[in-house]
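Engineer: A predicted structure for the sequence below; I have some questions about it.
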Amino acid sequence: MILYNLFIYFILKDTAYILYCGAILFNLLLQIYLNGILNRFFTYHTPEIHNRIGTVFLCGSAIFGWLFADQSLNLKTLNKKTHTTLLLLVAGTIIYFFVSILFFPLNWTVWISNFLAQVFVLSVFLAAIVNYLKGNKKAKLFILGWSVLLLGILLYALMQNGSLPANLVTIYSNQIGSTLEAGILSLALAKKINQLKEE
């Protein structure tokens with residue numbers, strides 16, 4: 001997906017594609033971190049770095065995700081309040097990133113990072129719904145993509161707190177949701193290409 005969207009970016013020079021590449025890259029790194037692959041091969045001997053690096057990946061994923069949503073949904077033109085809200089969330093996340101790395105104890109960082117992940121997913125989902133209700137039909141695929149991601153995160157969270165059994169679906173629901181979301185949003189970007197061709 002990263003290579004596919006990079007290829008399209010170099011053809012169209014539309015920043016939405018490069019922002020989406022950043023969002024996918026950081027989300028991929030976050031999944032590698034959450035699955036323990038990073039610790040197994042790279043950060044095993046440096047637990048302090050390992051415990052902090054998840055925040056780096058999460059903040060990167062959120063920042064690129066918000067910027068991508070803003071750009072691809074054309075919020076600056078169609079919905080200035082939502083545009084401003086997402087930019088404020090980006091600015092707050094950048095500040096949180098530096099403050100947490102330098103000053104926060106690890107338990108605070110983990111708690112705030114988990115909260116930030118929930119804010120990120122819900123805010124993009126709500127931004128897409130508001131945009132769709134205001135007449136932007138392009139937001140339909142965006143809503144579908146984020147619905148799949150939200151479902152995956154919900155199943156994973158319910159499995160973590162013991163409400164659902166651990167099985168193939170619940171253990172990998174986060175990754176399944178992320179992968180399906182990436183595919184659906186790539187379809188949305190492909191639809192954008194067709195609209196440009198028609199214009």
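Structural biologist: That came through fine.
Engineer: residue contacts, residue 2?
Structural biologist: Contacts of residue 2 were listed using Cβ atoms under 8 Å, 6 or more residues apart in numbering, and they are 21, 24-25, 28. The way it works is simple: take the backbone N, C-alpha and C, and place the C-beta from them, glycine included.
Engineer: again, only this time at 10 Å
Structural biologist: Taking Cβ atoms under 10 Å, 6 or more residues apart in numbering, we find residue 2 in contact with 20-25, 28, 182.
Engineer: repeat that for residue 83.
Structural biologist: Contact analysis of residue 83 by Cβ under 10 Å, 6+ apart lists 69-71, 73-77, 127.
Engineer: please apply the same query to residue 135.
Structural biologist: Counting by Cβ under 10 Å, 6+ apart, residue 135 touches residue 78.
Engineer: and it, what are its phi and psi?
Structural biologist: Dihedral pair for residue 135: phi 110, psi 0, per degrees, to the nearest 10.
Engineer: what about it, distance to residue 79?
Structural biologist: Residue 135 sits 10 Å away from residue 79, going by Cβ to Cβ, to the nearest Å.
Engineer: now this protein, which segments are flagged as low pLDDT?
Structural biologist: 157, 160-161, 189, 192-196, 199 (pLDDT under 70).
Engineer: for it, just list every one of the helices.
Structural biologist: For the chain, the helices defined by DSSP state H cover 2-12, 15-34, 37-41, 47-72, 75-78, 80-102, 106-133, 139-160, 168-171, 173-198.
Engineer: buried ones in the last one?
Structural biologist: The reference is to helix 173-198. 173-182, 184-186, 188-189, 192 (16 or more other Cβ atoms under 10 Å).
Engineer: which one of those is nearest residue 40?
Structural biologist: residue 175 (16.5 Å; Cβ to Cβ).
Engineer: I figured that closest one hits residue 155, correct?
Structural biologist: No - the pair residue 175 / residue 155 is not scored as a contact, 11.1 Å apart, by Cβ atoms under 10 Å.
Engineer: on that earlier part again, report the two of the buried residues of helix 173-198 separated the most.
Structural biologist: So, these by Cβ to Cβ: farthest apart are 173 and 192, at 28.4 Å.
Engineer: which of the contacts of residue 2 tops the neighbour count?
Structural biologist: The most crowded member of the contacts of residue 2, judged by other Cβ atoms under 10 Å, is residue 20 (30 neighbours).
Engineer: I'd say it and residue 66 touch.
Structural biologist: No - using Cβ under 10 Å, residue 20 makes no contact with residue 66, being 11.9 Å away.
Engineer: burial count for residue 26?
Structural biologist: Residues near residue 26, counting by other Cβ under 10 Å: 20.
Engineer: again with residue 86
Structural biologist: When neighbours are defined as other Cβ under 10 Å, residue 86 has 24 of them.
Engineer: would you mind measuring from it to residue 71?
Structural biologist: Distance of residue 86 to residue 71, given as Cβ to Cβ: 10 Å.
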